[in-house]
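> heads up, no residue letters with this:
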């Protein structure tokens, strides 16, 4: 009975630890002005991703960003997604002309941007500039 309880406790603890680890990964959310300003005020690294569901480069970027988001060094990065087709006001605000644009900020300052990049190494370097 004691062994069974120990095993169940260990399994439950493992699930909690794994769930916690996943929550530290880079999570993209729809662009929200208040959340963006809060991240800027906290001097956090920020990724703004301009995405279109029909865009082949955006589809290539998706798994790269997901994988990079699990790296511990990017756990503080806040990521926002802007829809290229429906959020034209935000495209003007960020001076974006094309989908598949990635913009990184460190706090309030834009650090770098790229458009049309699907190379994992250069995307990683882009994100690292905001750290």
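The structure has been received and is ready for your questions. As the structure is a prediction and not an experimental result, all values here were calculated from the model.
> what's the pLDDT at residue 21?
Note for residue 21: predicted pLDDT of 40.
> bridging residues for the residue nearest the centre of the chain?
By CA atoms, centre = their mean, the mean C-alpha position of the chain lies nearest to residue 79, the distance being 3.6 Å. With DSSP bridges applied, residue 79 shows beta-bridge pairing to residue 28, residue 47.
> just to check, it is in contact with residue 44?
No. With contact defined as CB atoms under 8 Å, residue 79 and residue 44 do not form a contacting pair (10.5 Å). Yep, even glycine has a C-beta here, placed from its N, CA and C like the rest.
> excluding its backbone neighbours, what's nearest residue 90?
Closest residue to residue 90 apart from its sequence neighbours, by CB to CB, 6 or more residues apart in numbering: residue 82 at 4.9 Å.
> and the one you found, how many neighbours?
Residues near residue 82, counting by other CB atoms under 10 Å, number 23.
> for it, which residues are in contact?
Under the criterion of CB atoms under 8 Å, 6 or more residues apart in numbering, the contact list for residue 82 reads 31, 48-51, 90-91, 94, 96.
> ok, now residue 129?
So residue 129 contacts 104, 106, 111-112 (CB under 8 Å, 6+ apart).
> most neighbours out of those, which is it?
residue 104 leads these on contacts (other CB under 10 Å) with 23 neighbours.
> on the three-state scheme, that residue is what?
strand (DSSP: H, G, I helix; E, B strand; the rest coil).
> cool, residue 126 as well?
Quick answer, by three-state DSSP: residue 126 is helix.
> so who does it touch?
By CB under 8 Å, 6+ apart, the neighbours of residue 126 are 102, 104, 112-114, 117.
> switch the cut-off to 7 Å
Residues near residue 126 by CB atoms under 7 Å, 6 or more residues apart in numbering: 102, 104, 112, 114.
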